[in-house]
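*Asks:* What follows is a predicted structure for the sequence shown.
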Amino acid sequence: MITIQDLSYDLGGRFLYKDANWQINYGEHIGLVGKNGTGKSTLLRLITRQLTPTEGSITYAKNLKIGFLNQDLLSFKSDEPILNVAMQAFDETIALEAKINQLLDDLHLNPTDENILHELSEAQEQFELQGGYEMEARCYEVLGGLGFSDADTQAPFNSFSGGWRMRVMLAQMLLRKPDILLLDEPTNHLDLPSIQWVENYMQAFKGTYIIVSHDRYFLDLVVTKVVEITHQKLHFYDCNYSKFLVEREERRIMQQAAFDNQQQYIREQERFIERFKAKASKATQAQSRVKMLDKLDRVDAPDSDQAGMVLKFHVARKSGVDVVKLKHVYKSFGEKVILQDAEGLIQRGDKIGLIGANGMGKSTLLRIIVGTEPHEGEAIHGHNVEATFFAQHQLEALDVKQTIWEEVYKSAPNKTDAQVRAILGCFLFSGDDVHKKIQVLSGGEKSRVALAKTLLQEANFLMLDEPTNHLDMQSIQILMEALKNYEGTFIVVSHDRYFLSEICNKIWYIENTKIKEYPGTYEEYDYWRKQNPVQTNGIPKATAKPEPKPVAKAEPTVDDSKKINQLKNQLKKAEEQLEKLEKQKKKLEEEMAKPSVYNDAKAYAKIQSEYNALTDELKVVTKAWEETYMAIGG
């Protein structure tokens with residue numbers, strides 16, 4: 001389909017690619033990965049002819065149709081209903097429909113004209129082949145999958161926020177059914193149900209696609225080949241993203257060994273040259289080795305994955321056991337009831353993932369907890385709770401006249417210059433970048449500055465609304481490790497399922513205007529949800545706020561009380577066992593991280609075996625705890 005040959009591209013005196021080659025074939029499902037700044041988006045623009053290679057060539061199969069979804073599409077404006085914007089995917093078919101209507105009018109005036117009859121017959125046949133009779137139904141299907149209601153489809157495109165407009169452009173792209181799809185961060189503006197719909201669509205897509213994404217869970221499900229940009233070259237892996245990480249590490253180990261061996265060889269040759277270059281009897285040999293070193297094909301040192309960078313959130317002081325209590329919370333927007341008599345309890349050490357479709361009230365709930373959203377009911381903060389909140393709207397609070405360094409440094413008076421620079425490095429600001437004015441930054445860069453400021457507050461309760469937006473995979477990994485080791489409490493809204501799986505010990509979701517809690521990881525919640533699908537996702541319309549009705553409760557029998565006490569004892573024992581197993585697991589992780597163990601294959605294998613057995617036992621005990629918890633009525 002597409003052949004990239006000896007491609008070089010020079011960006012401001014720096015080569016992103018040098019003599020890179022790539023054969024893109026029909027039906028390949030590809031993830032394009034690489035560090036921030038290696039040129040992933042630039043490569044997609046080269047493929048779409050928006051940019052011209054410095055050297056080399058890109059050739060295409062005849063009549064190849066390319067679809068390209070990128071963040072620049074946010075600049076598209078239209079007062080047309082979003083259905084009409086999506087229907088632009090069928091421009092040729094709509095033009096053919098107009099032609100058919102004109103021919104029908106002509107035929108009405110000249111019913112016996114054989115030329116009109118013949119042309120009309122051909123046009124109608126072509127219209128059917130192009131799926132003309134299903135155009136509108138397909139638009140409704142795709143827009144519905146991306147979260148739009150039937151009523152939404154008639155609303156003007158310009159009335160939607162940037163994220164929702166991007167969904168419309170994605171719908172249009174998918175409806176065009178190009179031979180090859182190029183998608184640059186397609187999940188950035190999607191909620192979980194929409195991401196899952198796109199996953200199903202991509203898995204069924206018969207053509208070729210290339211995806212740039214920081215969502216590793218998404219990549220794992222939709223790509224079967226990974227292309228990595230590193231050292232100005234393209235490296236190919238026939239696997240999904242998780243397997244790629246394993247294979248890349250194996251390649252790095254081999255490359256490091258080859259690099260070390262070559263460096264040792266070079267040092268030996270240089271010592272020989274230095275020692276004998278002045279001796280007449282050895283001068284010829286020394287000169288020969290100089291020429292040999294000049295011609296040597298040098299092995300590059302393998303890339304580092306920023307593994308040495310550690311971001312740590314400090315907690316100034318511990319909070320009380322109860323961090324936030326939500327009591328009888330009621331919130332509506334017009335006729336839309338978001339929360340009604342909702343209850344919730346956040347306790348010290350809780351690491352909560354707040355999930356669900358857009359419009360269900362996740363960000364509203366965070367603002368209620370913060371205290372910036374008017375509501376009925378109570379959101380009571382506990383003893384010594386020091387909270388900090390991150391959301392995308394905080395970008396507006398940044399001082400545009402300050403530099404990145406000045407803006408962040410004023411939020412970290414107790415940090416040294418080196419510590420502040422290290423934190424900025426975690427959020428992709430290094431070197432002279434830290435002296436850029438806030439006013440010249442992109443939306444994504446401002447978001448990273450605001451996140452860095454939030455995490456420097458030394459609070460014991462974090463509220464984070466989509467913190468991984470605009471971060472690359474290395475930065476997400478650094479943030480993830482910091483949250484895993486955070487000694488305080490947090491609640492985070494995110495659509496990044498891998499991120500949630502790694503950091504959360506509880507899941508909250510809003511269902512039928514109530515806050516529901518699942519006492520486990522996202523992975524466990526996802527499995528449980530598939531076994532127990534939601535009965536209704538609809539948000540009921542508000543009439544009058546109903547008064548709570550007293551419900552008669554049956555008095556518990558002696559047998560009931562005895563059974564409940566037994567279950568509570570089982571729950572307590574399970575909790576004690578879980579705590580013991582978690583401590584053992586942490587101890588084994590610390591052992592495996594020691595260089596003396598890591599470098600001893602036999603010792604490492606032994607501890608790894610113990611670790612795997614302990615992980616399996618943890619799963620069994622956790623499941624038993626969950627079943628007991630639910631049986632009590634938790």
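*Replies:* Structure's in. What do you need?

*Asks:* pLDDT (mean, whole number) over the helix or strand in which Q340 is found?
*Replies:* Counting by DSSP states H and E, the element that carries Q340 is strand 336-347. Summarised as a single mean, pLDDT over strand 336-347 is 94.

*Asks:* Quick check: neighbours of the following helix or strand past that strand in the sheet, parallel or antiparallel?
*Replies:* Downstream of strand 336-347, the first helix or strand assigned by DSSP H and E is strand 351-355. Here strand 351-355 has these sheet partners by DSSP bridges: strand 489-493 (parallel), strand 506-511 (parallel).

*Asks:* Output strand 351-355 as CSV, restricted to C-alpha atoms.
*Replies:* Output of strand 351-355 as CSV, limited to C-alpha atoms (Å, rounded to 0.1, in the frame of the first residue of the first chain):
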residue,chain,number,x,y,z
LYS,A,351,-7.3,5.3,46.3
ILE,A,352,-10.5,5.7,44.3
GLY,A,353,-11.1,5.6,40.6
LEU,A,354,-14.3,7.5,39.6
ILE,A,355,-15.5,6.1,36.3
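
*Asks:* how far off strand 506-511 does the strand holding Q340 point, in degrees?
*Replies:* Counting by axes from the mean of the first three to the mean of the last three CA atoms, to 10 degrees, strand 336-347 points 160 degrees away from the direction of strand 506-511.

*Asks:* contact partners of strand 336-347?
*Replies:* With contact meaning CB atoms under 8 Å, 6 or more residues apart in numbering, strand 336-347 is reached by 321-332, 352, 360-361, 364-365, 368-369, 375, 377, 461, 489, 491, 508, 510, 513-515, 517, 539-542, 545-546, 548. Yep, even glycine has a C-beta here, placed from its N, CA and C like the rest.

*Asks:* how does it look with 6 Å?
*Replies:* Strand 336-347 has contacts (CB atoms under 6 Å, 6 or more residues apart in numbering) with 321-326, 328-331, 361, 364, 513-515, 539-540, 542.

*Asks:* again with stretch 41-54
*Replies:* Contacts for stretch 41-54 (CB under 6 Å, 6+ apart): L7, S8, Y9, D10, L16, I66, F68, L182, D184.

*Asks:* Just the buried residues of those.
*Replies:* Buried subset of the contacts of stretch 41-54 (neighbour count, 16 or more other CB atoms under 10 Å): L7, Y9, L16, I66, F68, L182, D184.

*Asks:* Near the closest residue to the last one other than its chain neighbours, how many other residues are there?
*Replies:* Same thing as D184. Closest residue to D184 apart from its sequence neighbours, by CB to CB, 6 or more residues apart in numbering: N70 at 4.3 Å. For N70, the tally of surrounding residues (other CB atoms under 10 Å) stands at 19.

*Asks:* Need the pLDDT of N70.
*Replies:* Reported pLDDT at N70 in the predicted model: 84.

*Asks:* which two from the contacts of stretch 41-54 end up farthest apart in space?
*Replies:* For those, the maximum inter-member distance is 23.7 Å, found between D10 and I66 (CB to CB).

*Asks:* Against K327, how distant is the residue nearest to F90 when sequence neighbours are not counted?
*Replies:* Excluding the flanking residues, the one nearest F90 by CB to CB, 6+ apart is M135, at 4.9 Å. From M135 across to K327, the span is 51 Å (CB to CB, to the nearest Å).

*Asks:* out of those two, which sits in the more crowded spot?
*Replies:* M135 (19 against 13).

*Asks:* Residue nearest the middle of the chain, spatially speaking?
*Replies:* Centroid-nearest residue in the chain, with CA atoms, centre = their mean: D215, separated by 3.2 Å.

*Asks:* closest to Q172 among the buried ones among the contacts of stretch 41-54?
*Replies:* Among these, and counting by CB to CB, the member closest to Q172 is F68, at 11.6 Å.

*Asks:* Now do the strand or helix carrying the closest one: which elements does it pack against?
*Replies:* For F68, the element it lies in under DSSP H and E is strand 66-69. Under the contact definition 3 or more CB pairs under 6 Å, 6 or more residues apart in numbering; DSSP states H and E, strand 66-69 sits against helix 162-176, strand 180-184.

*Asks:* Tell me which of these lies nearest to E80.
*Replies:* Using CB to CB, the helices and strands packed on strand 66-69 put helix 162-176 closest to E80, at 10.2 Å.

*Asks:* CA atoms of the closest one as PDB?
*Replies:* Extracted in PDB, the C-alpha atoms of helix 162-176 (Å, rounded to 0.1, in the frame of the first residue of the first chain):
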ATOM      1  CA  GLY A 162     -13.900  20.800  21.600                       C
ATOM      2  CA  GLY A 163     -13.900  17.200  22.800                       C
ATOM      3  CA  TRP A 164     -17.400  16.500  21.400                       C
ATOM      4  CA  ARG A 165     -16.600  18.200  18.100                       C
ATOM      5  CA  MET A 166     -13.600  15.900  17.800                       C
ATOM      6  CA  ARG A 167     -15.900  12.900  18.300                       C
ATOM      7  CA  VAL A 168     -18.000  14.100  15.300                       C
ATOM      8  CA  MET A 169     -14.800  14.400  13.200                       C
ATOM      9  CA  LEU A 170     -13.900  10.800  14.300                       C
ATOM     10  CA  ALA A 171     -17.300   9.700  13.200                       C
ATOM     11  CA  GLN A 172     -16.900  11.300   9.800                       C
ATOM     12  CA  MET A 173     -13.500   9.700   9.400                       C
ATOM     13  CA  LEU A 174     -14.800   6.200  10.300                       C
ATOM     14  CA  LEU A 175     -17.800   6.600   8.000                       C
ATOM     15  CA  ARG A 176     -15.500   7.400   5.000                       C
END
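
*Asks:* circling back to that earlier point, just name the most buried of the strands paired with strand 351-355.
*Replies:* Greatest average neighbour count among the strands paired with strand 351-355 goes to strand 489-493 (a mean of 24), per mean count of other CB atoms under 10 Å.

*Asks:* next structured bit after the helix or strand encompassing R275?
*Replies:* Using DSSP H and E, the element containing R275 is helix 241-276. Proceeding N to C from helix 241-276, the next assigned helix or strand is helix 280-295, under DSSP H and E.

*Asks:* Pull the residues that contact that following helix.
*Replies:* Q269, I273, F276, K277.

*Asks:* how about the helices in the stretch 101-250 of the chain?
*Replies:* Here the stretch 101-250 of the chain has its helices, by DSSP state H, counting those that start in this stretch, at 114-129, 135-145, 162-176, 192-204, 216-222, 241-276.

*Asks:* closest to R421 out of these?
*Replies:* Comparison of the helices of the stretch 101-250 of the chain against R421 by CB to CB identifies helix 241-276 as nearest, at 26.7 Å.

*Asks:* Which neighbouring elements make contact with that closest one?
*Replies:* Contacts defined by 3+ CB pairs under 6 Å, 6+ apart place helix 241-276 against helix 216-222, helix 280-295.

*Asks:* Buried residues of it, list them for me.
*Replies:* Result for helix 241-276 [16+ other CB under 10 Å]: buried residues Y241, F244, L245, R248, R252, Q255, F259, Q269, I273, F276.

*Asks:* For the closest residue to the first one other than its chain neighbours, the count of nearby residues, please.
*Replies:* Nearest-residue entry for Y241: L219, 4.0 Å, with adjacent residues in sequence omitted and distances by CB to CB, 6+ apart. Around L219 there are 23 other residues, counting by other CB under 10 Å.

*Asks:* got it, and V168?
*Replies:* Using other CB under 10 Å, V168 has 25 neighbouring residues.

*Asks:* same deal with the one 5 residues further on?
*Replies:* The local packing count at M173 equals 21, with neighbours defined by other CB under 10 Å.
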